[in-house]
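Enquirer: Here's my sequence, what's the structure:
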Amino acid sequence: MGIYSYIKGTLTDKSEETIVVDNNGIGYEIICPYSISDTLGYVDDEVKVWIYQSVREDDVSLYGFSTIQMKDMFLSLIQVSGIGPKVAHSICSQVEPDRFALAVIGGDVSFLTSVKGLGKKGAERIILELKDKLKKSGAATAAKKVVSVPGNAGSVAPEGGVISDAVEALVVLGYKEQVAAEAVSSAYEDGITLQDLIKKALKGLAR
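Expert: This next block holds a predicted model:
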């Protein structure tokens, strides 16, 4: 996973593909395209950048993310065979975590192939391997427990419905089953759409 979680410091430079963050007199060059860095702030702003350190024989690179949810999505993606840090980071820079998770649990190959740099085989592999991860997890059981707890906000939702799908979506993004279930339970409200529930649960986890 790398030794860094995030860096706080002054944003001193922005280019099309990278940023530089000064922390205690050390400038960290971080791979972070405009689509991500635009949400961080302007040059001379104090920023917090979530990072992943990639170490290879001929290269050491830092990949930057504006949110922890985006980094979690990235970490799930690089577990898929054939998806390296560059491709995973490119996907993260183009797709919000909640929409990505929806595409995976819904098997939406056409949506994933609309992402620049991701072909049909890669999209199918992402869906197959991350769905396989769901089968091996306790996501479905965790979701059922949320639904069945008396007095729980989620108890009004139909079992196997929006709550179950939302829990699975969070597991796709790398969260533990019980953590995902509790976050979805807290975020659930009558009439909420699946995507809004995922987004609200993610916000709750970020607090």
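
Enquirer: before we move on, what SS does Leu40 have?
Expert: The three-state label given to Leu40 by DSSP: H, G, I helix; E, B strand; the rest coil is coil.

Enquirer: For it, grab phi and psi.
Expert: Note on Leu40: backbone dihedrals following degrees, to the nearest 10 are phi -80, psi -40.

Enquirer: Please shift the residue numbers so they start at 58 in all later answers.
Expert: Okay, using 58 as the starting number, the last item reads as Leu97.

Enquirer: which residue sits closest to it, ignoring its sequence neighbours?
Expert: Across the structure, with Cβ to Cβ, 6 or more residues apart in numbering as the measure, the residue nearest Leu97 apart from its sequence neighbours is Val104 (4.8 Å). Every C-beta, even on glycine, is put in place using the N, C-alpha and C of the backbone.

Enquirer: Select the longest strand from this protein.
Expert: Taking DSSP state E as the criterion, the chain has its longest strand at strand 103-113.

Enquirer: what does that one rub up against?
Expert: Contacts of strand 103-113 from elsewhere in the structure, counted by Cβ atoms under 8 Å, 6 or more residues apart in numbering, are 58-68, 76, 78, 87, 89, 97-98, 117-125, 127-128, 131-132, 142.

Enquirer: Next secondary structure after the helix-or-strand element of the chain with minimal mean pLDDT?
Expert: Of the helices and strands making up the chain, the lowest-confidence element is helix 196-205, at a mean of 51, by mean pLDDT, DSSP states H and E. Past helix 196-205, further along toward the C-terminus, the next helix or strand under DSSP states H and E is helix 219-229.

Enquirer: Rounded mean pLDDT for that next one, please.
Expert: Per-residue pLDDT values over helix 219-229 give a mean of 91.

Enquirer: what packs against the next helix-or-strand element following it?
Expert: Stepping forward along the backbone from helix 219-229, the first helix or strand reached (DSSP H and E) is helix 234-244. Contacts of helix 234-244 with other secondary structure elements, assessed using 3 or more Cβ pairs under 8 Å, 6 or more residues apart in numbering; DSSP states H and E, are made with helix 196-205, helix 219-229, helix 251-263.

Enquirer: can you state the direction angle for the helix or strand just after the longest strand of the chain and strand 103-113?
Expert: Helices and strands here follow DSSP H and E; after strand 103-113, the next one along the chain is strand 116-122. What separates the directions of strand 116-122 and strand 103-113 is an angle of 140 degrees, with axes from the mean of the first three to the mean of the last three Cα atoms, to 10 degrees.

Enquirer: ok, residues contacting strand 116-122?
Expert: Under the criterion Cβ under 8 Å, 6+ apart, external residues in contact with strand 116-122 comprise 61, 76, 85-89, 93-94, 106-111, 128, 131, 142, 146, 149.

Enquirer: just how off-centre is that strand within its chain?
Expert: Between the mean C-alpha point of strand 116-122 and the mean C-alpha point of its chain there is a distance of 17 Å (Cα atoms, centre = their mean, to the nearest Å).

Enquirer: and what of stretch 135-142?
Expert: 14 Å.

Enquirer: Can you get me the start-to-end distance on that stretch?
Expert: In stretch 135-142, first residue to last residue: 6 Å (Cα to Cα, to the nearest Å).
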